[in-house]
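Undergrad: Just to be clear, the model below is a prediction. Sequence and coordinates:
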Amino acid sequence: MNLLTKKLFNYLGLAVLSALFIFSCQQSEESLFIGDPDFNDTVKTESINLSITQYWADSVRSSLRYNYQTGQFIDLEGIGKMTAKAYFQPQYPIKLVDSLINSSSSLDSLTINFLRSDILGVEDAGFQQRLTLHQLNDTLENRDYYTFQSASYNSEILASGYQPGKKDGAVDTLYMKVDESFAEDFILALKTQDFQDQRDFNNFFKGLALISDENSKFIYSYQYNSYMTLHFSSEVPGLETKEFKINFFFNSSTQDVNGNTGNYNTNFTNLDHDFTGSPLDGLTRGGEIKPRGGYFVGQNGTGLVPRINYQNVIERLKEIKGGFIVNNISLILNTERLARGMTSPESCYMPYANSRNRVVQIDSVIQSIQTPSPSIPIGGSSSPYTIMYDKSLQDYSPLNLTAYSQAVVDNADFINRTERIPAEFFIQPQFPTVGNFNQESNNLNFFQGNEQNTSVEVYYVEVLEDSE
């Protein structure tokens, strides 16, 4: 039993063999699935290949995520050369500073703990990757930031540290000690300047950049709640001099200490790709190509998604309608990681694509296969239909596209709209959600597939002619 047969058998079980009807006989005669209830119980199978192109979205938000990335990863068989740079601002804990910092305060040290959440690359336990910390030249603005944007930073190194090329989580924290002269200036400012809120603090402490050496082999993801710690001593009234510490967290905030709303401190990641020498050579941001060798990529957080043209499937289904009843139509996505040690996204969803390479939105709601109202309720699902990664199969489970196919064949439209349901869609990796508030985590995981191994499997039975 080959992998494709095994995947379909696990997915369909006995449903196909029992030839269940999808729609009732009261439907229009133009319906693909209608037929005489007397049918041959011999199931026919047909595999239809898809037309697939590679698209790279021009703007993907990278600010206010659960994590941020830095480093470099080279994969000439897949996504080419990818680089990441992280920018972030510390939160200003005004109450702690006001209560513990005074004219007697003296510096012990200023340290930083970056909490690692993920790593992209082929494991190399003996490799040590150097990361350096720099101060931003300008404070970050109160707005969204996107993967194509960057921030300028001072070349002077404030701190540095090393990360191993291990994925087992044994080393999950990057510790750095900040340059002492910078730390002295920092505590002096806290003692002598009256920072009223986060904005005042940002004008002094503009933010930080975490940068990786050019010979990097990995991209590291760090949690947004990583932090900088000021260790110091202060005289407390009625007590002797006492040691204290204050944490300045890097997690983004949409509200300052006075209750004013806005992105008062933020983090974001600049992500760039050089596809030279890879199957995606020639792809530009906002562009679409037919990738070399039929290879395509779907990556979390970068806007790299395959675009599926479903029209040839629809035309073939129209050819076989009338004399057959279709029981099941399944998308088969066979991925190829080429033994590179990559981790695939856990789930993907399928937003509809319009002629301008944009996802279809109605009333600001992204419309996708099995999306509820205001789209037509095909399948009756209350959420976007997802294709899930099956760890036992080490690949994605087949996805039932029967109801979607019916809607496109029937030329159905969105409820109360003139726009028809498209016969094109993206396969978009979903952001995993983490934390107490289900923040979106960008782990940069990706899948790679090939057009030749991606197909739609159609199961149908022949309708018997009336004997009368």
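TA: Happy to help now that I have it.
Undergrad: Would you mark the buried spots in stretch 202-214?
TA: Neighbour counts over stretch 202-214 (16 or more other C-beta atoms under 10 Å) mark 202, 205-212 as buried. C-beta: built from backbone N, CA, C; applies to glycine.
Undergrad: From start to finish, how long is that stretch in a straight line?
TA: Stretch 202-214 has its terminal residues 29 Å apart, counting by C-alpha to C-alpha, to the nearest Å.
Undergrad: Name the surrounding residues that touch that stretch.
TA: 68, 70-72, 84-90, 92, 114, 129-140, 151, 153, 158, 186, 189, 193, 195, 219-220, 222, 264-265 (C-beta atoms under 8 Å, 6 or more residues apart in numbering).
Undergrad: Try it again at 6 Å.
TA: Outside of stretch 202-214, the residues within contact range by C-beta atoms under 6 Å, 6 or more residues apart in numbering are 70-71, 85-89, 130-134, 136, 139-140, 153, 189.
Undergrad: after the longest helix seen in the chain, next one along is what?
TA: In the chain, with assignment by DSSP state H, the single longest helix is helix 180-192. For helix 180-192, the following helix or strand on the C-terminal side (DSSP states H and E) is helix 198-204.
Undergrad: List the strands paired with the helix or strand that that following helix is followed by, with their directions.
TA: Following helix 198-204 in sequence order, the next helix or strand is strand 208-212 (DSSP H and E). If you go by DSSP bridges, strand 208-212 pairs up with strand 80-88 (antiparallel), strand 124-135 (antiparallel).
Undergrad: Can you check which of those gets nearest to residue 251?
TA: Nearest to residue 251 among those is strand 80-88 (8.9 Å), distances taken as C-beta to C-beta.
Undergrad: quick check, distance from that closest one to the centre of its chain.
TA: Centre-to-centre, strand 80-88 and its host chain are 15 Å apart (C-alpha atoms, centre = their mean, to the nearest Å).
Undergrad: again, but for stretch 312-330
TA: For stretch 312-330, the distance to the chain centre is 34 Å (C-alpha atoms, centre = their mean).
Undergrad: which parts of that stretch are buried?
TA: So stretch 312-330, judged by 16+ other C-beta under 10 Å, has buried residues 313-314, 317, 321, 324-330.
Undergrad: would you turn the residues you listed into JSON lines with pLDDT and distance to residue 389?
TA: Below are these laid out as JSON lines (pLDDT from 0 to 100; distance: C-beta to C-beta, whole Å):
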{"residue": "313", "pLDDT": "93", "distance to residue 389": "23"}
{"residue": "314", "pLDDT": "91", "distance to residue 389": "27"}
{"residue": "317", "pLDDT": "87", "distance to residue 389": "27"}
{"residue": "321", "pLDDT": "69", "distance to residue 389": "33"}
{"residue": "324", "pLDDT": "76", "distance to residue 389": "32"}
{"residue": "325", "pLDDT": "81", "distance to residue 389": "31"}
{"residue": "326", "pLDDT": "83", "distance to residue 389": "27"}
{"residue": "327", "pLDDT": "82", "distance to residue 389": "25"}
{"residue": "328", "pLDDT": "87", "distance to residue 389": "21"}
{"residue": "329", "pLDDT": "91", "distance to residue 389": "21"}
{"residue": "330", "pLDDT": "92", "distance to residue 389": "16"}
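Undergrad: quick one: low-confidence ranges for the stretch 151-300 of the chain?
TA: 168-171, 239, 252-264 (pLDDT under 70).
Undergrad: how about the strands of it, start to end?
TA: Using DSSP state E, counting those that start in this stretch, the strands of the stretch 151-300 of the chain run over residues 159-165, 173-177, 208-212, 219-223, 227-235, 241-249, 253-255, 261-265, 267-274, 288-289, 295-299.
Undergrad: how about those, which one is nearest residue 98?
TA: Each of those has some distance to residue 98 by C-beta to C-beta; the shortest is strand 241-249, at 10.8 Å.
Undergrad: before we move on, the earlier item: do you know which of the strands of the stretch 151-300 of the chain lies nearest residue 53?
TA: strand 288-289 (5.2 Å).
Undergrad: Distance check, residue 117 against residue 443.
TA: Distance of residue 117 to residue 443, computed by C-beta to C-beta, to the nearest Å: 7 Å.
Undergrad: Find residues that contact each of those two.
TA: residue 221.
Undergrad: which of the two has more neighbours?
TA: The neighbour count for residue 117 versus residue 443, taken as other C-beta atoms under 10 Å, is higher for residue 443 (24 against 21).
Undergrad: and the more buried one, what are its phi and psi?
TA: Residue 443 adopts backbone torsions of phi -100, psi 0, taken as degrees, to the nearest 10.
Undergrad: ok, it - contacts?
TA: Neighbours of residue 443 in contact, by C-beta under 6 Å, 6+ apart: 118, 221, 300.
Undergrad: Run a quick check on the last one versus residue 428, I expect a contact.
TA: Same thing as residue 300. No. Residue 300 is beyond contact range of residue 428, at 9.2 Å (criterion: C-beta atoms under 6 Å).
Undergrad: give me the number of residues near residue 231?
TA: Neighbour tally, residue 231, other C-beta under 10 Å: 15.
Undergrad: Would you mind measuring from the nearest residue to it once chain neighbours are set aside to residue 195?
TA: Spatial nearest neighbour of residue 231, chain neighbours left out: residue 108 (3.9 Å); criterion: C-beta to C-beta, 6 or more residues apart in numbering. As judged by C-beta to C-beta, residue 108 and residue 195 stand 21 Å apart.
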